[in-house]
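**Q** Show me how the following folds:
(one chain, ligands or ions: 2)
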Amino acid sequence: MQKRLFIKTYGCQMNVYDSARMADLVAPLGYAPSDTPAGADLVILNTCHIREKAAEKVFSELGGIRRLKEAKAKRGERMLIAVAGCVAQAEGDEIVRRAPFVDMVFGPQAYHRLPELLARAAREGGGVLDTSFPAEPKFDHLPAGGTAPGVTAFLSVQEGCDKFCTFCVVPYTRGAEFSRPAAQVIAEGERLVAGGAREITLLGQNINAYHGAGTDGREWGLADLLRALARIPRLDRLRYTTSHPRDMDEPLIAAHRDIEQLMPFLHLPVQSGSDRVLAAMNRRHRADDYRRTVERLRRARADLALSSDFIVGFPGESELDFRATLDLVSEIGFAQAFSFKYSARPGTPAAAEQQVPEAAKGARLAELQALLQRQQRAFNAAAVGTTMPVLFERPGRHDGQVVGRSPYLQAVHADAAPALIGQIANVRIAAAGANSLAGALNEAGAAA
Ligand code: 5AD
Ligand code: SF4
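**A** Ligands and ions are numbered 1, 2, ... in the order given. Model prediction:
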(Lines give C-alpha, C1' and ligand atoms only; values in the text may rest on other atoms or scores of the structure.)
(Ligands and ions follow the chains in the order given, each with its own letter.)
Protein backbone atom coordinates (compact mmCIF):
# COMPACT_ATOMS: atom_id res chain seq x y z
CA MET A 1 0.00 0.00 0.00
CA GLN A 2 1.11 3.53 -0.82
CA LYS A 3 2.43 5.40 2.23
CA ARG A 4 2.68 9.16 2.49
CA LEU A 5 5.85 11.12 3.19
CA PHE A 6 6.00 14.76 4.25
CA ILE A 7 9.36 16.54 4.43
CA LYS A 8 9.74 20.09 5.71
CA THR A 9 13.05 21.63 4.72
CA TYR A 10 14.72 24.53 6.50
CA GLY A 11 17.85 26.50 5.65
CA CYS A 12 20.28 26.13 2.82
CA GLN A 13 20.18 24.55 -0.64
CA MET A 14 22.25 21.68 0.68
CA ASN A 15 19.25 20.77 2.83
CA VAL A 16 16.96 20.99 -0.20
CA TYR A 17 19.26 18.53 -1.95
CA ASP A 18 19.40 16.23 1.09
CA SER A 19 15.60 16.24 1.41
CA ALA A 20 15.24 15.12 -2.21
CA ARG A 21 17.74 12.30 -1.58
CA MET A 22 15.78 11.21 1.53
CA ALA A 23 12.64 11.04 -0.62
CA ASP A 24 14.59 8.89 -3.12
CA LEU A 25 15.78 6.61 -0.30
CA VAL A 26 12.28 5.82 0.99
CA ALA A 27 10.50 5.71 -2.38
CA PRO A 28 11.33 1.99 -2.82
CA LEU A 29 9.70 1.40 0.59
CA GLY A 30 6.42 2.73 -0.79
CA TYR A 31 6.54 6.32 0.44
CA ALA A 32 5.18 8.92 -1.99
CA PRO A 33 5.63 12.66 -1.33
CA SER A 34 2.72 14.56 0.16
CA ASP A 35 2.43 18.31 0.62
CA THR A 36 0.85 18.24 4.05
CA PRO A 37 1.91 16.56 7.30
CA ALA A 38 -1.72 15.76 8.23
CA GLY A 39 -2.20 12.02 7.90
CA ALA A 40 1.35 11.39 6.63
CA ASP A 41 2.95 8.06 7.54
CA LEU A 42 6.41 9.58 7.80
CA VAL A 43 7.17 13.20 8.66
CA ILE A 44 10.75 14.44 8.37
CA LEU A 45 11.87 17.86 9.58
CA ASN A 46 15.16 18.60 7.83
CA THR A 47 16.51 21.31 10.10
CA CYS A 48 19.00 24.17 9.95
CA HIS A 49 21.13 25.38 12.84
CA ILE A 50 22.60 28.56 11.39
CA ARG A 51 20.06 31.02 12.80
CA GLU A 52 19.20 31.95 16.35
CA LYS A 53 16.63 29.91 18.27
CA ALA A 54 16.79 27.17 15.63
CA ALA A 55 16.16 24.43 18.19
CA GLU A 56 13.22 26.31 19.73
CA LYS A 57 11.59 26.62 16.30
CA VAL A 58 11.98 22.89 15.77
CA PHE A 59 10.42 22.09 19.16
CA SER A 60 7.49 24.36 18.41
CA GLU A 61 6.96 22.77 14.96
CA LEU A 62 7.17 19.35 16.62
CA GLY A 63 4.33 20.37 18.96
CA GLY A 64 1.98 20.60 15.98
CA ILE A 65 3.26 17.37 14.39
CA ARG A 66 2.75 15.57 17.68
CA ARG A 67 -0.97 16.46 17.63
CA LEU A 68 -1.25 15.03 14.11
CA LYS A 69 0.50 11.88 15.27
CA GLU A 70 -1.95 11.53 18.17
CA ALA A 71 -4.93 12.10 15.88
CA LYS A 72 -3.62 9.37 13.61
CA ALA A 73 -3.03 7.01 16.55
CA LYS A 74 -6.69 7.44 17.56
CA ARG A 75 -7.60 5.98 14.18
CA GLY A 76 -5.32 3.05 14.95
CA GLU A 77 -2.63 4.23 12.51
CA ARG A 78 0.99 5.12 13.01
CA MET A 79 2.93 8.25 12.05
CA LEU A 80 6.70 8.10 12.26
CA ILE A 81 8.45 11.39 13.02
CA ALA A 82 12.08 12.08 12.16
CA VAL A 83 14.26 15.08 12.88
CA ALA A 84 17.17 15.35 10.45
CA GLY A 85 19.74 18.00 9.54
CA CYS A 86 21.98 20.25 11.56
CA VAL A 87 19.78 20.80 14.63
CA ALA A 88 19.50 17.01 14.91
CA GLN A 89 23.29 16.76 14.69
CA ALA A 90 23.92 19.47 17.28
CA GLU A 91 21.09 18.76 19.70
CA GLY A 92 20.18 15.11 19.12
CA ASP A 93 20.21 14.08 22.77
CA GLU A 94 18.10 17.06 23.76
CA ILE A 95 15.50 16.21 21.09
CA VAL A 96 15.27 12.58 22.22
CA ARG A 97 14.89 13.77 25.83
CA ARG A 98 12.44 16.63 25.29
CA ALA A 99 10.38 15.13 22.48
CA PRO A 100 10.07 11.39 23.18
CA PHE A 101 7.35 11.09 20.51
CA VAL A 102 10.05 11.67 17.87
CA ASP A 103 10.98 8.27 16.43
CA MET A 104 14.27 9.02 14.69
CA VAL A 105 16.95 11.67 15.02
CA PHE A 106 19.85 11.69 12.56
CA GLY A 107 22.43 14.14 11.25
CA PRO A 108 23.38 15.19 7.72
CA GLN A 109 26.09 12.54 7.44
CA ALA A 110 23.90 9.61 8.48
CA TYR A 111 20.72 9.99 6.43
CA HIS A 112 21.78 7.41 3.83
CA ARG A 113 20.94 4.92 6.59
CA LEU A 114 17.32 6.08 6.62
CA PRO A 115 15.81 2.74 5.46
CA GLU A 116 17.67 0.95 8.24
CA LEU A 117 16.72 3.63 10.80
CA LEU A 118 13.08 3.30 9.74
CA ALA A 119 13.17 -0.45 10.25
CA ARG A 120 14.74 0.03 13.67
CA ALA A 121 12.20 2.67 14.68
CA ALA A 122 9.34 0.38 13.66
CA ARG A 123 10.92 -2.53 15.56
CA GLU A 124 12.04 -0.70 18.69
CA GLY A 125 9.13 1.72 18.91
CA GLY A 126 11.11 4.88 18.28
CA GLY A 127 13.91 6.76 20.04
CA VAL A 128 16.49 5.94 17.34
CA LEU A 129 19.43 8.37 17.40
CA ASP A 130 22.20 8.47 14.78
CA THR A 131 24.38 11.58 14.91
CA SER A 132 27.56 9.76 13.95
CA PHE A 133 29.94 10.79 11.19
CA PRO A 134 30.10 7.35 9.53
CA ALA A 135 33.34 6.16 7.98
CA GLU A 136 31.56 5.04 4.80
CA PRO A 137 30.91 8.01 2.51
CA LYS A 138 27.21 8.76 2.43
CA PHE A 139 27.24 9.41 -1.32
CA ASP A 140 28.22 5.80 -2.06
CA HIS A 141 24.94 4.72 -0.48
CA LEU A 142 22.48 7.05 -2.14
CA PRO A 143 20.24 5.60 -4.85
CA ALA A 144 20.78 6.73 -8.42
CA GLY A 145 17.95 8.34 -10.33
CA GLY A 146 14.97 8.91 -8.10
CA THR A 147 12.75 11.94 -8.33
CA ALA A 148 12.66 13.70 -11.70
CA PRO A 149 14.72 16.89 -11.63
CA GLY A 150 13.26 20.27 -12.54
CA VAL A 151 14.61 22.52 -15.27
CA THR A 152 17.19 23.65 -12.73
CA ALA A 153 18.70 21.08 -10.39
CA PHE A 154 21.08 20.96 -7.44
CA LEU A 155 24.02 18.59 -7.32
CA SER A 156 25.97 18.20 -4.09
CA VAL A 157 29.71 17.83 -4.78
CA GLN A 158 31.36 18.81 -1.53
CA GLU A 159 30.31 18.80 2.08
CA GLY A 160 31.58 19.92 5.42
CA CYS A 161 34.14 22.56 6.24
CA ASP A 162 37.60 22.74 7.78
CA LYS A 163 37.74 26.53 8.02
CA PHE A 164 36.30 27.05 11.52
CA CYS A 165 35.19 30.64 11.22
CA THR A 166 34.63 31.59 14.85
CA PHE A 167 30.90 32.37 14.39
CA CYS A 168 29.90 29.25 12.46
CA VAL A 169 28.38 25.89 13.43
CA VAL A 170 28.92 24.18 10.08
CA PRO A 171 32.27 22.48 10.87
CA TYR A 172 30.57 20.93 13.92
CA THR A 173 27.25 19.93 12.35
CA ARG A 174 28.37 18.93 8.84
CA GLY A 175 31.79 17.63 9.83
CA ALA A 176 35.10 17.65 7.98
CA GLU A 177 35.53 18.57 4.32
CA PHE A 178 34.66 15.81 1.90
CA SER A 179 34.74 15.96 -1.91
CA ARG A 180 32.81 13.46 -4.02
CA PRO A 181 34.83 11.71 -6.73
CA ALA A 182 34.43 13.44 -10.09
CA ALA A 183 33.13 10.29 -11.84
CA GLN A 184 30.24 10.12 -9.38
CA VAL A 185 29.42 13.81 -9.86
CA ILE A 186 29.56 13.55 -13.66
CA ALA A 187 27.31 10.47 -13.64
CA GLU A 188 24.78 12.31 -11.48
CA GLY A 189 25.03 15.36 -13.77
CA GLU A 190 24.34 13.19 -16.82
CA ARG A 191 21.33 11.64 -15.10
CA LEU A 192 19.94 15.07 -14.20
CA VAL A 193 20.29 16.29 -17.78
CA ALA A 194 18.73 13.09 -19.15
CA GLY A 195 15.83 13.78 -16.76
CA GLY A 196 15.32 17.25 -18.20
CA ALA A 197 17.59 19.57 -16.21
CA ARG A 198 19.19 22.32 -18.29
CA GLU A 199 20.90 24.11 -15.45
CA ILE A 200 22.83 22.54 -12.59
CA THR A 201 23.94 24.35 -9.46
CA LEU A 202 26.80 22.54 -7.77
CA LEU A 203 26.52 22.66 -4.00
CA GLY A 204 29.10 22.59 -1.25
CA GLN A 205 29.54 24.32 2.08
CA ASN A 206 32.95 25.39 0.90
CA ILE A 207 32.68 24.37 -2.70
CA ASN A 208 35.77 26.03 -4.12
CA ALA A 209 37.89 23.97 -1.71
CA TYR A 210 36.71 20.96 -3.78
CA HIS A 211 39.53 18.47 -4.23
CA GLY A 212 38.04 15.21 -5.43
CA ALA A 213 39.45 12.22 -7.25
CA GLY A 214 39.53 13.05 -10.97
CA THR A 215 38.66 10.65 -13.76
CA ASP A 216 42.32 10.71 -14.87
CA GLY A 217 43.85 9.58 -11.56
CA ARG A 218 44.80 13.15 -10.61
CA GLU A 219 43.17 15.15 -7.85
CA TRP A 220 40.78 17.67 -9.38
CA GLY A 221 39.87 21.15 -8.22
CA LEU A 222 36.50 22.76 -8.85
CA ALA A 223 37.72 24.23 -12.16
CA ASP A 224 38.52 20.73 -13.50
CA LEU A 225 35.11 19.50 -12.39
CA LEU A 226 33.33 22.41 -14.08
CA ARG A 227 35.21 21.80 -17.33
CA ALA A 228 34.18 18.13 -17.30
CA LEU A 229 30.53 18.96 -16.58
CA ALA A 230 30.50 21.59 -19.31
CA ARG A 231 31.06 18.73 -21.79
CA ILE A 232 27.66 17.18 -21.01
CA PRO A 233 25.49 17.86 -24.10
CA ARG A 234 22.35 19.94 -23.47
CA LEU A 235 23.58 21.15 -20.10
CA ASP A 236 23.28 24.86 -20.85
CA ARG A 237 24.02 26.46 -17.53
CA LEU A 238 26.31 25.79 -14.61
CA ARG A 239 26.51 27.57 -11.27
CA TYR A 240 28.16 26.77 -7.96
CA THR A 241 27.74 27.89 -4.37
CA THR A 242 29.04 28.66 -1.66
CA SER A 243 32.61 29.82 -2.05
CA HIS A 244 35.27 31.08 0.33
CA PRO A 245 37.45 34.00 -0.84
CA ARG A 246 40.59 32.12 0.23
CA ASP A 247 39.94 29.30 -2.22
CA MET A 248 39.24 31.44 -5.29
CA ASP A 249 42.30 30.17 -7.15
CA GLU A 250 43.64 31.01 -10.61
CA PRO A 251 42.21 27.96 -12.42
CA LEU A 252 38.75 28.74 -11.05
CA ILE A 253 39.01 32.39 -12.07
CA ALA A 254 40.09 31.23 -15.54
CA ALA A 255 37.06 28.93 -15.63
CA HIS A 256 34.87 32.04 -15.42
CA ARG A 257 36.61 33.33 -18.54
CA ASP A 258 36.64 30.08 -20.51
CA ILE A 259 33.52 28.09 -19.73
CA GLU A 260 30.60 29.46 -21.65
CA GLN A 261 28.04 27.52 -19.60
CA LEU A 262 29.33 28.94 -16.32
CA MET A 263 26.89 31.73 -15.51
CA PRO A 264 28.24 35.19 -14.66
CA PHE A 265 27.00 35.25 -11.07
CA LEU A 266 29.06 34.40 -8.01
CA HIS A 267 28.09 34.19 -4.35
CA LEU A 268 31.32 35.01 -2.55
CA PRO A 269 30.72 35.82 1.12
CA VAL A 270 33.06 38.38 2.65
CA GLN A 271 31.25 38.82 6.01
CA SER A 272 33.02 42.08 6.92
CA GLY A 273 35.16 44.82 5.41
CA SER A 274 37.31 45.29 8.51
CA ASP A 275 40.61 43.45 8.77
CA ARG A 276 40.35 43.42 12.56
CA VAL A 277 36.94 41.74 12.43
CA LEU A 278 38.00 39.38 9.63
CA ALA A 279 40.93 38.25 11.79
CA ALA A 280 38.67 37.76 14.83
CA MET A 281 36.33 35.74 12.61
CA ASN A 282 39.28 33.57 11.56
CA ARG A 283 38.45 34.25 7.90
CA ARG A 284 42.14 34.17 7.01
CA HIS A 285 42.00 36.94 4.41
CA ARG A 286 41.97 40.73 4.50
CA ALA A 287 39.52 43.13 2.91
CA ASP A 288 42.11 44.00 0.25
CA ASP A 289 42.53 40.31 -0.65
CA TYR A 290 38.82 40.26 -1.38
CA ARG A 291 39.07 43.42 -3.49
CA ARG A 292 41.92 41.90 -5.49
CA THR A 293 40.10 38.63 -6.01
CA VAL A 294 37.07 40.52 -7.32
CA GLU A 295 39.29 42.53 -9.66
CA ARG A 296 40.81 39.34 -11.07
CA LEU A 297 37.37 37.80 -11.47
CA ARG A 298 36.09 40.86 -13.29
CA ARG A 299 39.10 40.84 -15.56
CA ALA A 300 38.24 37.25 -16.43
CA ARG A 301 34.52 37.92 -16.86
CA ALA A 302 33.65 41.62 -17.11
CA ASP A 303 29.92 41.22 -16.48
CA LEU A 304 30.27 38.99 -13.40
CA ALA A 305 27.56 39.85 -10.85
CA LEU A 306 28.49 39.40 -7.23
CA SER A 307 26.58 38.36 -4.17
CA SER A 308 27.78 38.09 -0.60
CA ASP A 309 26.94 37.39 3.04
CA PHE A 310 27.58 39.93 5.79
CA ILE A 311 27.52 39.74 9.55
CA VAL A 312 27.15 42.97 11.52
CA GLY A 313 27.74 43.34 15.24
CA PHE A 314 30.34 40.60 15.47
CA PRO A 315 31.93 40.67 18.98
CA GLY A 316 34.40 43.55 19.13
CA GLU A 317 33.07 45.27 15.96
CA SER A 318 33.41 49.04 16.45
CA GLU A 319 31.60 51.77 14.56
CA LEU A 320 34.83 52.23 12.55
CA ASP A 321 34.95 48.52 11.66
CA PHE A 322 31.38 48.76 10.47
CA ARG A 323 32.23 51.81 8.31
CA ALA A 324 34.93 49.68 6.67
CA THR A 325 32.21 47.19 5.69
CA LEU A 326 30.08 49.96 4.17
CA ASP A 327 33.16 51.21 2.27
CA LEU A 328 33.85 47.76 0.86
CA VAL A 329 30.22 47.38 -0.25
CA SER A 330 30.28 50.80 -1.92
CA GLU A 331 33.47 49.93 -3.79
CA ILE A 332 32.50 46.47 -4.96
CA GLY A 333 28.83 46.93 -5.84
CA PHE A 334 26.75 43.82 -5.21
CA ALA A 335 23.91 42.52 -7.37
CA GLN A 336 22.34 41.04 -4.25
CA ALA A 337 23.43 40.02 -0.76
CA PHE A 338 22.36 38.52 2.53
CA SER A 339 23.11 40.30 5.78
CA PHE A 340 22.62 39.21 9.35
CA LYS A 341 23.08 40.42 12.90
CA TYR A 342 25.68 38.32 14.64
CA SER A 343 23.98 35.77 16.87
CA ALA A 344 25.96 33.65 19.31
CA ARG A 345 25.90 29.96 18.47
CA PRO A 346 26.62 27.83 21.52
CA GLY A 347 29.92 26.00 21.27
CA THR A 348 31.52 28.39 18.74
CA PRO A 349 34.49 30.52 19.89
CA ALA A 350 32.88 33.93 19.26
CA ALA A 351 29.93 33.07 21.49
CA ALA A 352 32.13 33.43 24.56
CA GLU A 353 33.28 36.98 23.64
CA GLN A 354 31.87 40.31 24.82
CA GLN A 355 28.77 40.97 22.67
CA VAL A 356 27.87 44.15 20.79
CA PRO A 357 24.68 45.75 22.20
CA GLU A 358 21.50 44.78 20.35
CA ALA A 359 20.60 48.39 19.49
CA ALA A 360 23.92 48.93 17.69
CA LYS A 361 23.48 45.69 15.77
CA GLY A 362 19.99 46.73 14.69
CA ALA A 363 21.11 50.19 13.52
CA ARG A 364 24.07 48.78 11.60
CA LEU A 365 22.00 46.10 9.92
CA ALA A 366 19.41 48.67 8.79
CA GLU A 367 22.11 50.93 7.34
CA LEU A 368 23.89 48.07 5.55
CA GLN A 369 20.66 46.64 4.16
CA ALA A 370 19.57 50.05 2.85
CA LEU A 371 22.86 50.31 0.95
CA LEU A 372 22.66 46.74 -0.37
CA GLN A 373 19.08 47.27 -1.48
CA ARG A 374 20.04 50.43 -3.36
CA GLN A 375 22.74 48.45 -5.13
CA GLN A 376 20.36 45.61 -5.97
CA ARG A 377 17.77 48.05 -7.38
CA ALA A 378 20.44 49.79 -9.44
CA PHE A 379 21.70 46.46 -10.74
CA ASN A 380 18.17 45.44 -11.77
CA ALA A 381 17.39 48.86 -13.26
CA ALA A 382 20.49 48.62 -15.45
CA ALA A 383 18.94 45.59 -17.16
CA VAL A 384 16.01 47.61 -18.54
CA GLY A 385 16.33 47.96 -22.29
CA THR A 386 18.74 45.06 -22.64
CA THR A 387 17.96 41.63 -24.06
CA MET A 388 18.96 38.58 -22.04
CA PRO A 389 18.69 34.83 -22.47
CA VAL A 390 16.24 33.59 -19.85
CA LEU A 391 15.88 29.96 -18.83
CA PHE A 392 12.17 29.51 -18.10
CA GLU A 393 11.41 27.37 -15.06
CA ARG A 394 7.76 27.58 -14.10
CA PRO A 395 4.37 29.21 -14.75
CA GLY A 396 3.93 32.68 -13.26
CA ARG A 397 1.24 33.79 -10.88
CA HIS A 398 -0.93 35.18 -13.69
CA ASP A 399 -2.32 33.24 -16.61
CA GLY A 400 -0.14 33.39 -19.69
CA GLN A 401 2.95 34.28 -17.70
CA VAL A 402 6.13 32.26 -17.29
CA VAL A 403 9.04 32.86 -14.91
CA GLY A 404 12.70 32.12 -15.41
CA ARG A 405 16.16 33.33 -14.50
CA SER A 406 18.58 35.67 -16.20
CA PRO A 407 22.26 34.68 -16.39
CA TYR A 408 22.69 36.89 -13.30
CA LEU A 409 20.11 34.87 -11.33
CA GLN A 410 17.46 37.59 -11.50
CA ALA A 411 13.87 36.31 -11.67
CA VAL A 412 12.36 37.34 -15.03
CA HIS A 413 8.62 37.37 -15.79
CA ALA A 414 7.39 37.30 -19.37
CA ASP A 415 4.09 36.69 -21.16
CA ALA A 416 4.53 33.43 -23.02
CA ALA A 417 3.06 29.97 -23.40
CA PRO A 418 3.89 27.33 -20.78
CA ALA A 419 5.56 25.40 -23.61
CA LEU A 420 8.52 27.71 -23.07
CA ILE A 421 9.26 26.11 -19.69
CA GLY A 422 12.53 24.26 -19.99
CA GLN A 423 13.70 26.52 -22.82
CA ILE A 424 16.06 29.44 -23.04
CA ALA A 425 14.59 32.44 -24.87
CA ASN A 426 15.74 36.00 -25.41
CA VAL A 427 13.75 38.49 -23.40
CA ARG A 428 13.81 42.23 -23.82
CA ILE A 429 13.66 43.66 -20.30
CA ALA A 430 11.03 46.39 -19.95
CA ALA A 431 10.75 46.87 -16.19
CA ALA A 432 12.74 46.22 -13.04
CA GLY A 433 11.61 45.84 -9.44
CA ALA A 434 13.53 45.30 -6.23
CA ASN A 435 13.57 41.53 -6.69
CA SER A 436 12.66 40.75 -10.28
CA LEU A 437 12.53 41.86 -13.90
CA ALA A 438 9.75 41.79 -16.45
CA GLY A 439 9.99 41.76 -20.20
CA ALA A 440 8.66 40.49 -23.50
CA LEU A 441 9.92 37.69 -25.67
CA ASN A 442 12.19 38.92 -28.38
CA GLU A 443 10.61 38.38 -31.78
CA ALA A 444 13.64 36.29 -32.68
CA GLY A 445 12.05 33.70 -30.37
CA ALA A 446 13.82 30.85 -28.68
CA ALA A 447 17.56 31.31 -28.26
CA ALA A 448 18.24 27.62 -27.78
N1 5AD B 1 25.45 34.82 13.27
C2 5AD B 1 25.04 35.52 12.19
N3 5AD B 1 25.18 35.09 10.93
C4 5AD B 1 25.76 33.90 10.75
N5 5AD B 1 26.05 33.21 9.62
C6 5AD B 1 26.62 32.05 9.97
N7 5AD B 1 26.73 31.95 11.30
C8 5AD B 1 26.21 33.10 11.80
C9 5AD B 1 26.04 33.60 13.12
N10 5AD B 1 26.46 32.93 14.19
C11 5AD B 1 25.81 33.73 8.28
C12 5AD B 1 27.14 33.95 7.52
C13 5AD B 1 27.14 32.83 6.53
C14 5AD B 1 25.66 32.66 6.27
C15 5AD B 1 25.26 31.37 5.64
O16 5AD B 1 25.06 32.79 7.53
O17 5AD B 1 27.09 35.21 6.87
O18 5AD B 1 27.89 33.12 5.36
FE1 SF4 C 1 31.14 28.27 8.23
FE2 SF4 C 1 31.69 28.97 5.66
FE3 SF4 C 1 33.40 29.61 7.66
FE4 SF4 C 1 33.12 27.05 6.87
S5 SF4 C 1 33.92 28.77 5.65
S6 SF4 C 1 33.22 27.80 8.98
S7 SF4 C 1 30.92 26.96 6.40
S8 SF4 C 1 31.28 30.37 7.38
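**Q** before we move on, which element is Leu297 in?
**A** If you go by DSSP states H and E, Leu297 is part of helix 287-300.
**Q** what does whichever helix or strand comes after that helix contact?
**A** Heading C-terminal from helix 287-300, the first helix or strand you meet, by DSSP H and E, is strand 305-312. Strand 305-312 is contacted from outside by 167, 264-272, 281, 294, 297, 322, 325, 329, 332-342, 361, 364-365, 368, 372, 379, 408-409, using CB atoms under 8 Å, 6 or more residues apart in numbering. No exception for glycine: its C-beta is placed from N, CA and C like everyone else's.
**Q** Now strand 305-312: buried residues?
**A** 305-308, 310-312 (16 or more other CB atoms under 10 Å).
**Q** still on that earlier bit, let me see the residues that make contact with the helix holding Leu297.
**A** Here helix 287-300 makes contact (CB under 8 Å, 6+ apart) with 245-246, 248, 253-254, 256-257, 266, 268, 270, 272-275, 278, 304, 306, 324, 328, 331-332.
**Q** which of these count as buried?
**A** For these, buried by 16+ other CB under 10 Å: 245-246, 248, 253, 256, 266, 268, 270, 272-275, 278, 304, 306, 324, 328, 332.
**Q** List the residues that contact Gly127.
**A** Listed by CB under 8 Å, 6+ apart, the contact set of Gly127 reads 96, 100, 103, 121.
**Q** Which of those residues has the largest number of neighbours?
**A** Asp103 (24 neighbours; other CB atoms under 10 Å).
**Q** how about it, phi and psi?
**A** Dihedral pair for Asp103: phi -90, psi -30, per degrees, to the nearest 10.
**Q** wait, what's in contact with Met248?
**A** If you count contacts by CB under 8 Å, 6+ apart, then Met248 has 208, 268, 293, 297 around it.
**Q** same question, Arg246
**A** By CB under 8 Å, 6+ apart, Arg246 lies in contact with 163, 283-285, 289.
**Q** Out of those, which sit inside helices?
**A** Members of the contacts of Arg246 lying in helices (criterion: DSSP state H): Asp289.
**Q** just the buried members of the contacts of Arg246?
**A** Taking 16+ other CB under 10 Å as the criterion, what is buried in the contacts of Arg246 is 163, 283, 285, 289.
**Q** Just name the closest of these to Lys69, please.
**A** Checking these against Lys69 with CB to CB, the nearest one is Lys163 at 39.4 Å.
**Q** if I pick the closest one, what's in contact with it?
**A** Contacts were defined as CB under 8 Å, 6+ apart; by that measure Lys163 touches 171, 206, 244, 246, 282, 284.
**Q** Would you list the phi and psi of it?
**A** phi -80, psi -30.
**Q** Just the ones in helices from the buried ones among the contacts of helix 287-300, please.
**A** Using DSSP H, the buried ones among the contacts of helix 287-300 in helices are 253, 256, 275, 278, 324, 328, 332.
**Q** which residue sits closest to the third one, ignoring its sequence neighbours?
**A** Taking CB to CB, 6 or more residues apart in numbering as the measure, Asp275 lies nearest to Arg286, with 4.8 Å between them; neighbours along the chain are not counted.
**Q** Identify the bridge partners of the residue in the chain positioned nearest to ligand 1.
**A** Nearest residue of the chain to ligand 1 (CB to the nearest ligand atom) works out as Asp309 at 3.3 Å. Beta-bridge pairing for Asp309 (DSSP bridges): Phe338.
**Q** for Val105, same thing?
**A** Val105 forms beta bridges with Val83, Leu129, as assigned by DSSP bridges.
**Q** Report the contact partners of it.
**A** For Val105, the contact set (CB under 8 Å, 6+ apart) comprises 82-84, 88, 92, 95-96, 128-131.
**Q** For His413, what are phi and psi?
**A** phi -100, psi 140.
**Q** I'd like the distance between the residue nearest to Asp275 and Ile311.
**A** Counting by CB to CB, to the nearest Å, the gap from Arg286 to Ile311 is 16 Å.
**Q** Any idea how many residues pack against Leu80?
**A** So Leu80, with other CB under 10 Å, has 21 neighbours.
**Q** contacting residues around it?
**A** Listed by CB under 8 Å, 6+ apart, the contact partners of Leu80 are 41-43, 103-104, 118, 121-122, 126.
**Q** Cheers, nothing more for now.
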